[in-house]
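S.K.: model the following, please.
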Amino acid sequence: MALNKLVYDDIPHVAKPGPEPTPQPHPYKAQHRHEYWFIDGRQMDCALDGVKWWSILILAGYSRTILAGAMAPTEATWAALMVLYTACLRYGAPTYLVSDSGGAYTSDAFEAVCGRLEIEHKTIVSTQGQSYLNWIETHFDIQRRLYDYQFALASSPSALEQRHQAFMHLYNTTAHQGLLADKRLPPIPVEVLGTAQGRRYAPEVLAEKFTHVFFPRTTNRYGCVTLHSDHFYVESGVPHTRGLLWVYGEQLRAVLDNGVLAEYHCHYDGRAHKVTGIRDGVFFSTRFASPQRTLIPLNPQEALVVYRPQTLRRPARKAASIQQLLLFELVRTG
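M.R.: Coordinates of the predicted model:
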């Protein structure tokens, strides 16, 4: 048949190949730094205690730099917002953010934060052949080939997180074929990114943009924090350290450097912007764990101390002055 096609090029029942379509430019191809960011999550092939964790990353379109990332047990809105906050804190906000149509990225909370940050959020539908529009999809293939063996060796969330950070550093400092094709030299993501910043917000202003979902707090010398009327344990290995308390649904998570240190059940009053009913703490093994163990292991009931308003007391009356008796009596002799 192949020989017939070569000899008889005009076969009536065989469709002739038409001209190849002209390649169209990518609709989300960035023309300058921090114009387009891409966010998505990938469920890992390996599992910890039977649970396959998720790698959530934000990629800068122009420089192909991974700006922030986190490992989470689920691809949830709180994890996506945590990664977005970290990227905005480091580099400012982008003009556009591209994601798929998953619930983590189309929730009201996520859309509200994008609106307050003046980010135009563009969503694609992966099931309709639009996966190529989200550049982070290709980079998950790079992650799979480059570092999945190392991820498979992790035996705890802490080890998984450390490997995740190591992967991002390795990727960002390795030459990228896409940058070479775009003639952005040297073709190394962090070199192309340089010191460029997006739309900057002061830390306290940025915190207000995320105010409905997190609260910055600093631990005391025992690794505890105070939120509204509650005082509770986070991690003794991080005294006097500023972290984030993320509230989503009925879960409160204490986060430091994109790692979850502790998780509590809580109730959030949206009108009063207040968290109450913090209980049932769960603590995770992380790289911040104190090398010195506590004398008495903490459980969720012992980890939570509730501040109660103190009743006002009337000032006590001054007692009448009483002469101090001598311990020994002086007696004249002779």
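S.K.: what ranges do the strands span in this structure?
M.R.: Secondary structure of the chain (DSSP state E): strands at 36-43, 54-60, 66-72, 96-100, 120-124, 214-218, 224-227, 230-233, 242-248, 251-256, 259-269, 274-283, 304-306.
S.K.: shaky segments in this protein?
M.R.: 1-18, 21-23, 211-213, 258, 287, 289-334 (pLDDT under 70).
S.K.: domain-wise, how is it divided?
M.R.: According to automatic domain parsing, the chain comprises the domains 36-193, 213-306.
S.K.: buried deepest among the ones you listed, which one?
M.R.: Highest mean neighbour count among the domains of the chain (mean count of other C-beta atoms under 10 Å): domain 36-193, with a mean of 18. All C-beta atoms are positioned from the backbone trio N, CA, C, and that covers glycine.
S.K.: quick one: residue 181 from residue 57, how far?
M.R.: Distance of residue 181 to residue 57, given as C-beta to C-beta, to the nearest Å: 21 Å.
S.K.: equivalent analysis for residue 105, please.
M.R.: Residue 105 is 13 Å from residue 57, by C-beta to C-beta.
S.K.: now residue 67. Nearest residue, chain neighbours left out?
M.R.: In space, and not counting its chain neighbours, residue 67 is closest to residue 87: 4.2 Å by C-beta to C-beta, 6 or more residues apart in numbering.
S.K.: now do the contacts for the one you found.
M.R.: Each residue near residue 87 by C-beta atoms under 8 Å, 6 or more residues apart in numbering is listed here: 37, 58, 67-68.
S.K.: mind putting those in a markdown table, distance to residue 194 included?
M.R.: As requested, the contacts of residue 87 are exported to a markdown table (distance: C-beta to C-beta, whole Å):
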| residue | distance to residue 194 |
| --- | --- |
| 37 | 16 |
| 58 | 18 |
| 67 | 13 |
| 68 | 17 |
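S.K.: how about TSV for the strands of the chain, with distance to residue 135 added?
M.R.: Formatted as TSV, the strands of the chain follow (distance: least, C-beta to C-beta, whole Å):
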stretch	distance to residue 135
strand 36-43	5
strand 54-60	6
strand 66-72	11
strand 96-100	8
strand 120-124	11
strand 214-218	27
strand 224-227	37
strand 230-233	40
strand 242-248	27
strand 251-256	26
strand 259-269	26
strand 274-283	35
strand 304-306	44
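S.K.: for the residue lying closest to residue 55 once chain neighbours are set aside, what are its contacts?
M.R.: Leaving aside its chain neighbours, residue 55 sits nearest to residue 42 (5.0 Å; criterion: C-beta to C-beta, 6+ apart). Residue 42 makes contacts with 54-55, 57, 140, 143-144, as judged by C-beta under 8 Å, 6+ apart.
S.K.: and if you look at residue 265?
M.R.: By C-beta under 8 Å, 6+ apart, the residues touching residue 265 are 250-252, 277-280.
S.K.: rerun that using 7 Å as the cut-off
M.R.: Residues near residue 265 by C-beta atoms under 7 Å, 6 or more residues apart in numbering: 250-251, 279-280.
S.K.: how far away is it from residue 65?
M.R.: Distance of residue 265 to residue 65, given as C-beta to C-beta: 37 Å.
S.K.: now do residue 37
M.R.: Distance from residue 37 to residue 65, by C-beta to C-beta: 10 Å.
S.K.: and for residue 278?
M.R.: According to C-beta to C-beta, residue 278 and residue 65 sit 37 Å apart.
S.K.: likewise residue 36?
M.R.: Relative to residue 65, and taking C-beta to C-beta, residue 36 is found at 12 Å.
S.K.: repeat for residue 104
M.R.: 22 Å.
S.K.: for the domains of the chain, give me CSV that also has distance to residue 205.
M.R.: As requested, the domains of the chain are exported to CSV (distance: least, C-beta to C-beta, whole Å):
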stretch, distance to residue 205
domain 36-193, 10
domain 213-306, 12
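S.K.: is it correct that residue 197 is in contact with residue 91?
M.R.: Yes: taking C-beta atoms under 7 Å as the definition, residue 197 is a contact partner of residue 91 at 5.9 Å.
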